[in-house]
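Student: From the sequence below, what's the structure:
(chains A, B, C and D)
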Number of protein chains: 4
Amino acid sequence: VKIGIIGASGYTGQELLRILAHHPKVEIAYATSERFTGAAVDEVFPSFKGLIELHFRKLSVPHIARDANVIFAALPHGQSMDVVAECIRKEKRVVDLSADFRLKDAALYERWYGKHSCPDLLSKAVYGLPEIYRDAIKKAQLVANPGCYPTGAILALTPLVEEGMITLTGIVVDAKSGVSGAGRSPSMTNLFGEVAEGLKAYNVAKHRHAPEMEQELSSRTGGKQVPILFVPHLIPINRGILSTIYARINGALSTAQASKAFQQRYGTEPFVRVLPSGTFPSTREVRGSNYCDIGVMVNDVSGQVVVISAIDNLVKGASGQAVQNMNIMCGFPETMGLDQIPLAP
Amino acid sequence: VKIGIIGASGYTGQELLRILAHHPKVEIAYATSERFTGAAVDEVFPSFKGLIELHFRKLSVPHIARDANVIFAALPHGQSMDVVAECIRKEKRVVDLSADFRLKDAALYERWYGKHSCPDLLSKAVYGLPEIYRDAIKKAQLVANPGCYPTGAILALTPLVEEGMITLTGIVVDAKSGVSGAGRSPSMTNLFGEVAEGLKAYNVAKHRHAPEMEQELSSRTGGKQVPILFVPHLIPINRGILSTIYARINGALSTAQASKAFQQRYGTEPFVRVLPSGTFPSTREVRGSNYCDIGVMVNDVSGQVVVISAIDNLVKGASGQAVQNMNIMCGFPETMGLDQIPLAP
Amino acid sequence: VKIGIIGASGYTGQELLRILAHHPKVEIAYATSERFTGAAVDEVFPSFKGLIELHFRKLSVPHIARDANVIFAALPHGQSMDVVAECIRKEKRVVDLSADFRLKDAALYERWYGKHSCPDLLSKAVYGLPEIYRDAIKKAQLVANPGCYPTGAILALTPLVEEGMITLTGIVVDAKSGVSGAGRSPSMTNLFGEVAEGLKAYNVAKHRHAPEMEQELSSRTGGKQVPILFVPHLIPINRGILSTIYARINGALSTAQASKAFQQRYGTEPFVRVLPSGTFPSTREVRGSNYCDIGVMVNDVSGQVVVISAIDNLVKGASGQAVQNMNIMCGFPETMGLDQIPLAP
Amino acid sequence: VKIGIIGASGYTGQELLRILAHHPKVEIAYATSERFTGAAVDEVFPSFKGLIELHFRKLSVPHIARDANVIFAALPHGQSMDVVAECIRKEKRVVDLSADFRLKDAALYERWYGKHSCPDLLSKAVYGLPEIYRDAIKKAQLVANPGCYPTGAILALTPLVEEGMITLTGIVVDAKSGVSGAGRSPSMTNLFGEVAEGLKAYNVAKHRHAPEMEQELSSRTGGKQVPILFVPHLIPINRGILSTIYARINGALSTAQASKAFQQRYGTEPFVRVLPSGTFPSTREVRGSNYCDIGVMVNDVSGQVVVISAIDNLVKGASGQAVQNMNIMCGFPETMGLDQIPLAP
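Tutor: This next block holds a predicted model:
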């Protein structure tokens, strides 16, 4: 399969290149970058020296459509939708890593992101969380790759929501993210000097990933709304999201029962690892890999369940999941090219 | 005043030395260290070169009682109680930075820490949170300096609990701490290689600081229990605790009302800074200082209030607060020696 | 003394504010910022909440000249010279933290930085390294505050050069700097994600601070040139420069003799700490303070001497030294307001 | 091939497990750990969950010799030699990652490390730097895997030494290493709180890796000694060594000529990447991979050449190189199992 990557010089683009460079069934045919048009990929990313022989090109949908069958769009939200729509019109299959096709409701999109230019495509897009939508992804022409925070939160809550084990109100997602999640564009707030040796919350109860979590979790309840109180924090590490989730249990529930629900729900999933009862994950243990590790514990005294999930925001939270979706779309083994073992320390 | 510091070569001891070296009313007369007995302080801590002329001595209560009037005990829990008891018998005033005299209930202490050797002293000890116990601290012979996590959590919850603004059940304290909180003893789990570029929870719902929070918050309610679901996380920074706290509001409550409760409660406090409505603190902004910064927001949709507090775990969370207590005990201005401006970046 | 700070919202400006806020003899009367004109200082820097009541203003030399007697200019090089010249014409005393008045030779300035607009002022400016130019600083109207790297390197080499203990050719300065040295302007290269968990050299043998080192060291030799091979490295820490310096010894020299030369040269200096023979400094031990710590060792086998110096690039390498210069200019005790004890960990 | 790993719970052991878990020609048959005897590998290293099904065993050479054909010894120096000797007597092939068989001269070993128990084996051991000793490694029964610092330094100096391009005296190796190089044993000096936000030299001109560099570089000169002034620094990152090397050029030499010497020497090497003239490496660009990246520049003014090399100390500096050696010994393709792409950010 010939691959095109639009917006390949940001962090998710860089990570797509890393993963796809060793994928046995694909060839990277086209990679675009506004900032680095004309530069060799291994000049911009010296880590790829000897591994990727390619120059960044200026985005031209006709050209990319001519040279590639499957297209990854790794542009910022708002900039992605028109480009994706054009690729779709050219009958290409697209995995879009932006937020532009994740929300099904155009009005909701507009509230959080701004006007949508092609709302008709929203219903066509499949939300690319394979653990939920695997069958639909197989046939999808357009996959909306999930946000990094939603990936960690939805995987951590789905078994409990599906089994009716928790009250659907009052759920708290306290997430901690590494800085690469903020992207590679110059900004004062993400300078090393502003972030290192520090720790803070941001967008408290008003982050754009909350409606995405709510949409997907509500879809598991037979129509009941699942409001999420979402508080993200910025942590001075490169990669990783740890989501600590609190929910009230719905009637009696033991840690063993909750654990079992996770084991059963994810037993055959290649990239979700449910940890032994009473143990919890660390971002180190998934770094550089496509795993989502999950631990769960019920606290009887407070009548709450604590679920903690860890992902690498650039892999399972972005580019790894995008490749997983591509594998499913193309009929490749789902784990192909995604066998990186977590790098610790 | 002549000061003795027992256990001065750990992080809280080092921080006591840093703060007291410039305190205009005290002289550091005696500092003990098991590991570094006989060594010059500025050999063990070269940062003090030219500032502190002292050698670490082996602990001898008779000697320290002879040379010092006020004693800071910075020993691990379990090791502190007998030493403190001996100092008390010698009629010294003591600020104990261990956990040994924080819990009023000897049975509770035993459950979380082990057998207590001098339970009779528990009622004599005053819990050293000046924002609550200032008057009692003035006259105390023994002050139990609060734990780092409890300091941040109790200050963030007290106004809401006192004003009856929140439901007393289901409170969640999701705290994130720098690594210096784990102390300076050799251990594999706190090696740089085990912590850096990582992120994890530990002692989920079973950390020893939870009963301390519960004791103090319950004391604000006229007897009602306040159970806390406490989940601490280890973050790869040196200093700082950020506590993100979730509670259900008790009837209608706006962010402005909640904010006002904090402003009123802490309006004259020298070391609590209530942030403007809608803004939240960062550990960077308090680093190296004795401040506790607090931000609050009510989320109507979920009926919850979010309070976030930031402290430097070694200052307001330990040694700075200990000096604040000493100032109160000795009748010095409460802020004396504690005017360090936060160091950022 | 009334103080004006031009360019107060960068890192050196922020650090000037931190230091001057507690200086007993000064009042900060005026602080400018292009980016944050009109904003409260403690809104831009929440660490100063309760400590600094001031709003950032737009730069107007007439206004600042009216309100302030001593002016710190913390602008980027090239932008500073005209502003400083205007302040000088208004008979203000100025400490300029940019590179614009450090090099005595306008042609040399032009080669490294670009055209100089007021070369006549170069001879009027005093290079603000108190350990060398204290007397001239006393009477100076314009002090050119040294660069961060030159401060560490010149202090580490001066005794050896002055005593003729080393060969003047082949000197290597291998310096390692924290990221705050690169300033607070948005840039991709200083993003956390580009710097953390990494390590690299930059501007190898072509950094603009090399001619500054060469000018000052040559001035110690009675006219002989001292070429420096300068290789700076970027290290993922906020603050600190460690300079490891290699030079060939000029005839027989023991570590003890070299050490003694440093002890004698800096014996009465308040901010240079010569470490015991055979020990070397760490940036941690000077963090947040105005100290320069120096260790020295002669290696007989290779006939070389190794000198290592550590400074906090924002304090002794910039704003602390600027305040030290101001103290000297104003006749205040040289250490006034500069008694911050290093913050470790 | 059946593999035994002795000392598999340290960092180099952990990294051997990571690399070998995906090696298509090997099976990990036996892994020992004193600290974690009996524990499942994925309990000690949760990153391996689902990837390695094995329990750590107590070291028994007869057992490991029965179950494995090729043995990696990842024990501390001093502890390794007897175990290795026993494996050799049982006719196993061994790659030893300790320092015990690197120095050819037993007296030199004794001076730096202590008494050697089996000096007769020293001559039998092949120094495992494939870029120099590939042919000997093929037939070796015992390979002494190079130290991390020597790997980076020797690869950076070999072409210049072999071509006679530099003076053999006065060479300086200023190396900067991440903390994982110090191992995983509990120690105060490697605690996060002692290392983070800091920067220091250690073992200045007296590190045990200097004689290893000297032995190997001298072997390239036809008998002339090559003394090395080696100054290692500790940097707060997990992985990576950057070696900045200074040497006087021997007659006229341009950057292009020096660069060409590196290109020619390493043109066909799979794991040495010579960077374009005038560019220098970063540890980020090799992280997690077996590459050694090298940049070179001649500085005419000072008559010196600067060479900078970057490796991941746990991969090319230890376990990756060990697997490379095993591949050579076993006749596998040299890059087998070593195709990890550097992980950045």
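
Student: Can you list the residue ranges for helices in chain A?
Tutor: A:11-20, A:41-44, A:61-67, A:80-89, A:106-112, A:130-139, A:148-162, A:192-195, A:209-218, A:255-266, A:320-330 (DSSP state H).

Student: between those helices, which gets nearest to B:Q321?
Tutor: helix A:192-195 (27.2 Å; Cβ to Cβ). The way it works is simple: take the backbone N, C-alpha and C, and place the C-beta from them, glycine included.

Student: And chain D, is the closest one touching that?
Tutor: No: applying Cβ under 8 Å from any Cβ of the partner chain, one finds helix A:192-195 separated from chain D by no less than 11.5 Å.

Student: before we move on, the earlier item: and of the helices of chain A, who's closest to C:V94?
Tutor: helix A:192-195 (26.1 Å).

Student: does A:G4 really touch A:I71, like I thought?
Tutor: Yes: between A:G4 and A:I71 there is a contact at 4.4 Å, judged by Cβ atoms under 8 Å.

Student: From the rest of the structure, what touches stretch A:209-224?
Tutor: Outside stretch A:209-224, the residues that touch it by Cβ atoms under 8 Å, 6 or more residues apart in numbering or on different chains are A:99, A:102-105, A:108, A:111-112, A:127, A:129, A:132, A:146-150, A:153-154, A:157-158, A:161-162, A:168, A:173, A:225-228, A:230, A:232.

Student: Pull out the buried members of those residues.
Tutor: By neighbour count, with 16 or more other Cβ atoms under 10 Å in any protein chain shown, the contacts of stretch A:209-224 hold A:99, A:102-104, A:108, A:112, A:127, A:129, A:132, A:146-150, A:153-154, A:157-158, A:161, A:168, A:173, A:226-228, A:230, A:232 as buried.

Student: overlap between the residues you listed and the residues near chain B?
Tutor: A:P227, A:I228.

Student: ok, now which ones touch the closest residue to A:K200 other than its chain neighbours?
Tutor: Nearest non-adjacent residue to A:K200, counting by Cβ to Cβ, 6 or more residues apart in numbering or on different chains: B:S282, 3.6 Å away. The contact partners of B:S282, taken as Cβ under 8 Å, 6+ apart, are A:G198, A:L199, A:K200, B:L242, B:D293, B:A310, C:P46.

Student: swap in A:F192?
Tutor: The contact partners of A:F192, taken as Cβ under 8 Å, 6+ apart, are C:V179, C:N190, C:L191, C:F192, C:E194, C:V195, C:A196, C:P236, C:N238.

Student: What is the burial count for the fifth one?
Tutor: By the criterion of other Cβ atoms under 10 Å in any protein chain shown, C:E194 has 26 neighbours.

Student: Hmm, it is touching C:P236, no?
Tutor: No: C:E194 lies out of contact with C:P236 (Cβ under 8 Å); the separation is 9.9 Å.

Student: okay, and for the stretch 51-200 of chain A, where does confidence drop off?
Tutor: Across the stretch 51-200 of chain A, nothing is flagged by pLDDT under 70.

Student: Can you name the residues of it that neighbour chain C?
Tutor: A:179-180, A:182, A:184-188, A:190-197.

Student: Max pairwise distance over the residues you listed: which two?
Tutor: Within those, A:S185 and A:E197 form the most distant pair, 22.9 Å apart (Cβ to Cβ).

Student: The two: who's more crowded?
Tutor: Taking other Cβ under 10 Å, A:S185 and A:E197 do not tie; A:E197 has more neighbours (24 against 13).

Student: Next one: that one relative to B:N238, how far apart?
Tutor: Taking Cβ to Cβ, to the nearest Å as the criterion, A:E197 is separated from B:N238 by 6 Å.

Student: Find residues that contact each of the two.
Tutor: Common contacts of A:E197 and B:N238 (Cβ under 8 Å, 6+ apart): D:A196, D:E197.

Student: what about the residue of the stretch 201-345 of chain A at minimum distance from chain C, how many residues close to it?
Tutor: Closest to chain C within the stretch 201-345 of chain A is A:N238: 5.4 Å, counting by Cβ to the nearest Cβ. Residues within reach of A:N238, counting by other Cβ under 10 Å, total 27.

Student: what does A:R35 give?
Tutor: A:R35: 14 neighbours (other Cβ under 10 Å).

Student: Torsion angles phi and psi at the residue nearest to it when sequence neighbours are not counted?
Tutor: Take A:R35 and drop its neighbours on the chain: the residue closest to it by Cβ to Cβ, 6+ apart is A:S9, 5.8 Å away. Here is the backbone geometry of A:S9 (degrees, to the nearest 10): phi -110, psi 10.

Student: So A:S9 is in contact with A:R57, correct?
Tutor: No: between A:S9 and A:R57 there is no contact under Cβ under 8 Å: 11.1 Å.

Student: Find the residues that touch each one of these two.
Tutor: The contact lists of A:S9 and A:R57 share A:S33, where a contact means Cβ under 8 Å, 6+ apart.

Student: Which one's more surrounded, those two?
Tutor: Taking neighbours as other Cβ under 10 Å, A:S9 and A:R57 compare with A:S9 leading, 23 against 19.

Student: Return the residues in contact with the residue lying farthest from the centre of chain A.
Tutor: Most distant residue from the mean C-alpha position of chain A: A:V301, 34.0 Å away (Cα atoms, centre = their mean). Applying Cβ under 8 Å, 6+ apart, we find A:V301 in contact with B:P227, B:L229.

Student: Look up how far B:A205 lies from it.
Tutor: Relative to B:A205, and taking Cβ to Cβ, A:V301 is found at 8 Å.

Student: So for the two, which residues contact both of them?
Tutor: Shared contacts of A:V301 and B:A205 (Cβ under 8 Å, 6+ apart): B:L229.

Student: Chain D: which of the contacts of B:S282 is nearest?
Tutor: Checking those one by one against chain D (Cβ to the nearest Cβ), the nearest turns out to be A:G198, at 11.2 Å.

Student: Contacts only, for the closest one.
Tutor: A:L234, A:P236, B:I237, B:G240, B:S282, B:T283, B:R284, B:A344, B:P345.

Student: would you list these in TSV and tack on pLDDT?
Tutor: Below are those laid out as TSV (pLDDT from 0 to 100):
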residue	pLDDT
A:L234	98
A:P236	98
B:I237	98
B:G240	98
B:S282	98
B:T283	98
B:R284	97
B:A344	95
B:P345	95
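
Student: thinking again about what came up before, does the residue of the stretch 201-345 of chain A closest to chain C really touch A:V179, like I thought?
Tutor: Yes: A:N238 is within contact range of A:V179, at 6.6 Å (criterion: Cβ under 8 Å).

Student: coming back round to it: what touches both of A:G4 and A:I71?
Tutor: Shared contacts of A:G4 and A:I71, counting by Cβ under 8 Å, 6+ apart, come down to A:I64, A:A65, A:K92.
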